[in-house]
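Novice: coords please:
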Amino acid sequence: MTDVQKTPQGLYFEEFEIGKKIVTAGRTITEADIVAFAALSGDYNAIHCDAEYASTTPYGRRVAFGLLGLSIASGLAVNTGLLEETVLAFREIRTWKFSLPVFIGDTIHVVMEVAEKKPLPRLGGGSVVINLDVRNQDDKTVMRGRWSVLIKGQP
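Specialist: Numbering: from 1, shown residues only. All right, here's what the predicted structure looks like:
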């Protein structure tokens with residue numbers, strides 16, 4: 001029997017280039033997303049779940065959970081394949097700002113930019129800091145921040 005090693009699809013630490021930008025696919029926020037996130041998190045705040053109440057707010061309608069947008073942004077980032085089988089850990093959210101509301105029916109995507117790299121030989125790779133700019137269908141920033149991830153080094 002032959003010993004076969006699967007090659008990771010994501011980038012190794014050494015392959016990340018500072019300044020490299022990646023744009024994710026888009027994802028439309030749905031009613032089902034709001035309902036599922038409320039059930040998962042236990043957060044049934046009226047601004048998200050009560051259409052009548054939300055119609056009386058400055059937004060005039062329900063707003064998606066900020067953390068739902070953050071979670072979807074994470075999924076969109078992972079779906080680029082950039083981190084597929086090479087990520088060791090999601091280390092930290094260094095900053096995160098919610099700038100504009102996200103509504104049911106909005107389509108968001110993420111513009112990712114590699115900002116920093118730091119080798120961590122004892123971990124077998126290094127830390128990569130990525131700036132994320134989450135934008136809606138009008139290309140307006142709805143949230144943004146910096147994430148730090150630990151990435152495997154080349155074997």
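Novice: Phi, psi for the closest residue to residue 62 other than its chain neighbours please.
Specialist: Nearest in space to residue 62, with sequence neighbours left out and distances taken as C-beta to C-beta, 6 or more residues apart in numbering, is residue 54 at 4.3 Å. Placement of C-beta: from N, CA and C, glycine included. Its backbone dihedrals place residue 54 at phi -60, psi -30, with angles given as degrees, to the nearest 10.
Novice: likewise the one 5 residues further on?
Specialist: Note on residue 59: backbone dihedrals following degrees, to the nearest 10 are phi -80, psi -20.
Novice: Do I have it right that it meets residue 101?
Specialist: Yes - between residue 59 and residue 101 there is a contact under C-beta atoms under 8 Å: 5.5 Å.
Novice: Read off the pLDDT value for residue 96.
Specialist: Residue 96 is assigned a predicted lDDT (pLDDT) of 97.
Novice: Assign it to helix, strand or coil.
Specialist: Look at residue 96: counting by DSSP: H, G, I helix; E, B strand; the rest coil, its state is strand.
Novice: residue contacts, the closest residue to it other than its chain neighbours?
Specialist: If the residues on either side of it in the chain are set aside, residue 96 comes closest to residue 145, at 3.6 Å by C-beta to C-beta, 6+ apart. The contact partners of residue 145, by C-beta atoms under 8 Å, 6 or more residues apart in numbering, come to 93-97, 131-132.
Novice: out of those residues, which are buried?
Specialist: 96, 131-132 (16 or more other C-beta atoms under 10 Å).
Novice: and which of those is nearest to residue 84?
Specialist: Distance to residue 84 across the buried ones among the contacts of residue 145 (C-beta to C-beta) is lowest for residue 132, with 17.4 Å.
Novice: biggest helix in the protein, by residue count?
Specialist: helix 66-78 (DSSP state H).
Novice: who's in contact with that helix?
Specialist: Contacts to helix 66-78, defined as C-beta under 8 Å, 6+ apart, come from residues 24-25, 27, 29, 33-34, 37, 41, 83-84, 90, 96, 98, 102, 108-110, 112, 130, 132, 134, 142-143.
Novice: just stretch 56-63 next, same as before
Specialist: In contact with stretch 56-63 (C-beta under 8 Å, 6+ apart) are residues 34, 47-51, 54-55, 101-104.
Novice: which one of these sits closest to residue 122?
Specialist: Using C-beta to C-beta as the measure, the one of these that approaches residue 122 most closely is residue 102, at 39.6 Å.
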